[in-house]
Structures are given as C-alpha cells and as structure tokens.
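[1] Okay, predicted coordinates and the sequence, questions at the end:
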Amino acid sequence: MKKNHVVWSVIIGLPLFIAVAPLIPSLVDHRMVAVLLVAAVFVPLFAIVRSWFDAGLSLVLAVYFFISWRLFPHTNDTTLLVRTAAIGSFVLLNVVLWI
C-alpha cells in the first residue's frame, strides 16, 4: 500500500468514523473501547508504510488512553475521553513548543 493511499484513507476514514459512530449503539455504549480500537488500528497501518514516527505516536496515544481508562474505571466514558484528550493535547503542545 502506498503512503499516499494511507494518508487519504486516514483523512477520509476518520471523519467518516466520527460521523457514523453515534449511529451504532455498541460504539455509543463503549466509547473508550472504540477510541482504543481506532488508535490500535493506526499502529500497524502506519508500520506497513514505514511511517515509524506516526506508528509510534499512535501506539503512545493508545497506551495513554488505555492507562487512563484503567486508572479511573468508575468515570463516565465521555468525561474520561474529554479529560484524557485535553491533558494529552496539552502535553503534546508543550512538546512541540519545546522543539
């Protein structure tokens, strides 16, 4: 698979997943599992096209969401996703600004 095809499938596939996910009841009930599965799918997808930085970043994000999911099991999935994404974006923004 060419790198260009993977980029376009991510550009088209991710918004499509975001649009379709609320219509599937099992994804609505288990939002955190759905996010972990999407992040886990990106790791081998990027490894196939030898985009190692993207694969590593996807793996780090998947592990980060999994750890937060396991540390706070009694938190609502929506609240946990928003808080985890906010803290993760803050950390990644600081890393980018340090560079």
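    Nice, I can see it.

[2] shaky segments in this structure?
    1-16, 18, 27-28 (pLDDT under 70).

[3] buried sites along stretch 68-84?
    For stretch 68-84, the buried set under the neighbour-count rule, 16 or more other CB atoms under 10 Å, comprises 68-69, 77, 80-81, 84. The C-beta positions use only the backbone N, C-alpha and C, and glycine is treated the same way.

[4] would JSON lines of those with distance to I24 and secondary structure be doable?
    Formatted as JSON lines, the buried residues of stretch 68-84 follow (distance: CB to CB, whole Å; DSSP: H, G, I helix; E, B strand; the rest coil):
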{"residue": "S68", "distance to I24": "23", "secondary structure": "helix"}
{"residue": "W69", "distance to I24": "19", "secondary structure": "helix"}
{"residue": "D77", "distance to I24": "14", "secondary structure": "helix"}
{"residue": "L80", "distance to I24": "19", "secondary structure": "helix"}
{"residue": "L81", "distance to I24": "16", "secondary structure": "helix"}
{"residue": "T84", "distance to I24": "21", "secondary structure": "helix"}
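
[5] could these be laid out in CSV, adding distance to L23?
    Listed next are the buried residues of stretch 68-84 as CSV, based on distance: CB to CB, whole Å:
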residue, distance to L23
S68, 26
W69, 23
D77, 17
L80, 22
L81, 18
T84, 24
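
[6] Going by distance to S26, which of those wins?
    Nearest to S26 among the buried residues of stretch 68-84 is D77, at 12.5 Å by CB to CB.

[7] Kindly list the main-chain dihedrals of the closest residue to the closest one other than its chain neighbours?
    Spatially, and ignoring its direct neighbours in sequence, D77 is nearest to R31 (4.2 Å; CB to CB, 6 or more residues apart in numbering). Main-chain dihedrals, R31, degrees, to the nearest 10: phi -60, psi -40.

[8] For R31, which residues are in contact?
    Taking CB atoms under 8 Å, 6 or more residues apart in numbering as the criterion, R31 is in contact with 77-78, 81.

[9] for this structure, what spans make up the strands?
    With strands called from DSSP state E, the chain shows none.

[10] Report the central residue of it.
    For the chain, A39 is the residue whose C-alpha lies nearest the centre (CA atoms, centre = their mean; 3.8 Å).
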